[in-house]
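Undergrad: mind folding the following:
(2 chains)
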Amino acid sequence: MSKFKKKKDGGLPPISTASLPDIVFMLLFFFMVATVIKEDNLIIQNKLPKANQIEKLDKKKPISYIYIGKPSANYIDTYGTEDRIQLNDKLQSVEQVQAFIAAERAALAEELVPTLTVSLKVDKDAKMGVLTDVKQELRKTNALKINYTTKKGDALDN
Amino acid sequence: MAKRSAPEVNAGSMADIAFLLLIFFLVTTDIATDSGLSRKLPPWEPPTDVPVIIKEKNIFALTLNSKNEILLTSGGDSEIVPLNELKDQAVKFLDNGGGKDKDVCKRCKGEKNPESSDNFQKAVISLANDRLTDYKTYIAVQNEILAAYNVIRNREFKKDYPSSEMNFVQATEMYQDPSTELKVRESLKEKLETIKEIVPQKFSEAETKRN
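TA: Got it, this is the predicted structure:
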C-alpha cells in the first residue's frame, strides 16, 4: 500500500454554498438601510411628471404630502374617475385640506412649524382645477412653502 | 460520564430565512423621490384697494388653455409659442435691459429693445392656467421658466464669484447638502442671497379663471 495514493478523480466537486447566507445577508442589509417604508397607501394613480430644475427636499425638515390624481383601477367603481385628493390614507374633499395642515402642524414641535413644506404629488395626467383649489386652501391656512414633487428628467417629453 | 459536545446547529436554513426577509424588503422598498420644483405661494390677503401698476412692456404673460397651448403676451404682441422655445424667449425677455436713466440695466446682455423689459428687478413673468390644463404641461412651463431664471443667475454668479468655480445651481446644491461644512455654507448663503437679490424671481401666478 503506497502512502501517496493517487486521488480518485470523482468528477466536479460540489460548489460550496456555505457563503450564500452571507451574500444574501449583505443584500438584505443594503435594502434594509435604503428602504423608506411607504408613507401612504395610495388609492389614486400617482405617476409624477418629469422636470430638471429640481431641488432635493431636506428630509430633516417636516414634510406633509398631498396626493392628487384619478382613483386607481380598483377604486373606480367606488370613487369614480374624477381627480381626487388623498390626505393620509383617505380621499378627502378640498375643504379638509386646512384641517389636514392644522393636524400636521399640531404634531410638530413649535419651532419647526414655519419650516413645514407641503409636497404636492400630483399625477401627470391630472387637470389643474383641483390643484388650484388646493393651492388656494394652502394659502388660506398660510402653508406657503410648497414643492411640486417630480421625477428627474426632461420636462419637454412629459 | 464522558463529556458530550453540544450538537452543531444546522445553519442550512439560514439562507432561506434571509431570502424571505430580503424579498420582503425588496417588495416594500420605495426608493424615495423627494425632489421637485420648490415654489412659494403668495400669502392670502384681502384684495388690496391700490392696484399695483406694472408697465406692459415689463410683463411676460403666459396663459395656458385647456388644450395645453401656451399663449405668450409680451410687448403688445400675442402669439402661441411651442414649449421648447419658451426658455429662450424668457431668457431674452429677462435679459433685455431696455431701461433708461434710473432703470438702466448694467448687467443685462440682451437686445436693449425699448418695447421689452427694463431690467431684472422690473421684469415680471406671469402665468395663468385654465382649470382643464394638464398638470404635466403646467409643470413643464414652470420648469422652463425656472430654467430661464437659472440661466441668468448662473451667469451672474460666475461673473461675480469666478474664484468659486461653480454656478448658481451647483452652489445651491452644495448649500443644501448637509455634509458641507458650516463655514462654507455660510459664505455660500451670502453669495446666493446676493445673486437672488440681483436677479429676483418675479414670477406671479394669477388665480385660475373660471368659465
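Undergrad: the residue nearest to the spatial centre of chain B: what secondary structure?
TA: Closest residue to the average C-alpha location of chain B: B:Leu146 at 4.1 Å, with CA atoms, centre = their mean. Recorded secondary structure, B:Leu146: helix (DSSP: H, G, I helix; E, B strand; the rest coil).
Undergrad: and for B:Arg155?
TA: Secondary structure state of B:Arg155, per three-state DSSP, is helix.
Undergrad: for B:Cys108, see how far away it is.
TA: Separation of B:Arg155 from B:Cys108 (CB to CB, to the nearest Å) stands at 11 Å. To be clear about C-beta, it is placed using only N, CA and C from the backbone, and glycine gets the same treatment.
Undergrad: and A:Leu20, by the same measure?
TA: To B:Cys108, A:Leu20 is 66 Å away according to CB to CB.
Undergrad: give me the more crowded residue out of these two.
TA: Between A:Leu20 and B:Cys108, counted using other CB atoms under 10 Å in any protein chain shown, B:Cys108 has the larger neighbour count: 20 against 16.
Undergrad: go ahead and confirm that one touches B:Lys122.
TA: No: B:Cys108 is beyond contact range of B:Lys122, at 10.8 Å (criterion: CB atoms under 8 Å).
Undergrad: show me where pLDDT drops low in chain A?
TA: Applying pLDDT under 70 to chain A picks out residues A:1-3, A:5-10, A:37-39.
Undergrad: cutoff 90 now
TA: By pLDDT under 90, the low-scoring segments of chain A are A:1-48, A:50-63, A:72-83, A:87-92, A:109-114, A:124, A:136, A:151-158.
Undergrad: with chain B instead?
TA: For chain B, applying pLDDT under 90 flags the ranges B:1-61, B:65-68, B:73-79, B:83-84, B:89, B:92-131, B:156-189, B:191-192, B:194-211.
Undergrad: wait, is A:Ile85 part of a strand?
TA: Yes: assessed with three-state DSSP, A:Ile85 lies in a strand.
Undergrad: residues contacting it?
TA: Residues near A:Ile85 by CB atoms under 8 Å, 6 or more residues apart in numbering or on different chains: A:Ile66, A:Tyr67, A:Ile68, A:Leu91, A:Gln92, A:Ser93, A:Val94, A:Gln96, A:Val97, A:Val130, A:Val134.
Undergrad: which strand residues sit across from it in the sheet?
TA: A:Ile68, A:Gln92 (DSSP bridges).
Undergrad: need the longest helix for chain A.
TA: The longest helix of chain A (DSSP state H) is helix A:20-34.
Undergrad: okay, now the closest residue to A:Lys140 other than its chain neighbours: neighbour count?
TA: Of all residues not flanking A:Lys140 in the chain, B:Trp44 sits nearest, at 4.9 Å (CB to CB, 6 or more residues apart in numbering or on different chains). By the criterion of other CB under 10 Å, B:Trp44 has 13 neighbours.
Undergrad: does B:Trp44 touch A:Lys135 like I think?
TA: No: in this structure B:Trp44 lies outside contact range of A:Lys135 using CB under 8 Å: 10.3 Å.
Undergrad: ok, B:Asp103 touching B:Asp118?
TA: Yes: with contacts counted by CB under 8 Å, B:Asp103 reaches B:Asp118, the gap being 4.3 Å.
Undergrad: and those two? Which one has more around it.
TA: B:Asp118 (21 against 15).
Undergrad: next, give phi and psi for that one.
TA: The phi/psi pair for B:Asp118 (degrees, to the nearest 10) reads phi -80, psi -60.
Undergrad: dump the residue contacts of it.
TA: B:Lys55, B:Lys57, B:Asn58, B:Asn96, B:Gly97, B:Gly98, B:Gly99, B:Asp103, B:Cys105.
Undergrad: could you flag which of those residues are buried?
TA: B:Lys57, B:Asn58, B:Asn96, B:Gly97, B:Gly98, B:Gly99, B:Cys105 (16 or more other CB atoms under 10 Å in any protein chain shown).
Undergrad: distance to chain A and secondary structure for the residues you listed - can I get that in TSV?
TA: As requested, the buried ones among the contacts of B:Asp118 are exported to TSV (distance: CB to the nearest CB, whole Å; DSSP: H, G, I helix; E, B strand; the rest coil):
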residue	distance to chain A	secondary structure
B:Lys57	26	helix
B:Asn58	23	helix
B:Asn96	22	coil
B:Gly97	23	coil
B:Gly98	26	coil
B:Gly99	27	coil
B:Cys105	24	coil
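Undergrad: return the member of those nearest to A:Ile76.
TA: Comparing the buried ones among the contacts of B:Asp118 against A:Ile76 with CB to CB picks out B:Asn58 as the nearest, at 47.5 Å.
Undergrad: tell me which element the residue nearest to the closest one when sequence neighbours are not counted is part of?
TA: Spatial nearest neighbour of B:Asn58, excluding adjacent residues (CB to CB, 6+ apart): B:Lys122 at 4.6 Å. Using DSSP states H and E, B:Lys122 maps to neither a helix nor a strand.
Undergrad: would you agree A:Lys47 falls within a strand?
TA: No: using three-state DSSP, the assignment for A:Lys47 is coil, not a strand.
Undergrad: do you have the helices of the chain handy? List them.
TA: Since you didn't name a chain, this refers to chain A. A:20-34, A:76-79, A:96-106, A:128-140.
Undergrad: wrong chain, I was asking about chain B
TA: B:14-28, B:83-94, B:135-160, B:168-176, B:182-198.
Undergrad: now the third one and helix B:168-176, what's the angle there?
TA: Okay, so that is helix B:135-160. Relative orientation of helix B:135-160 and helix B:168-176, computed by axes from the mean of the first three to the mean of the last three CA atoms, to 10 degrees: 90 degrees.
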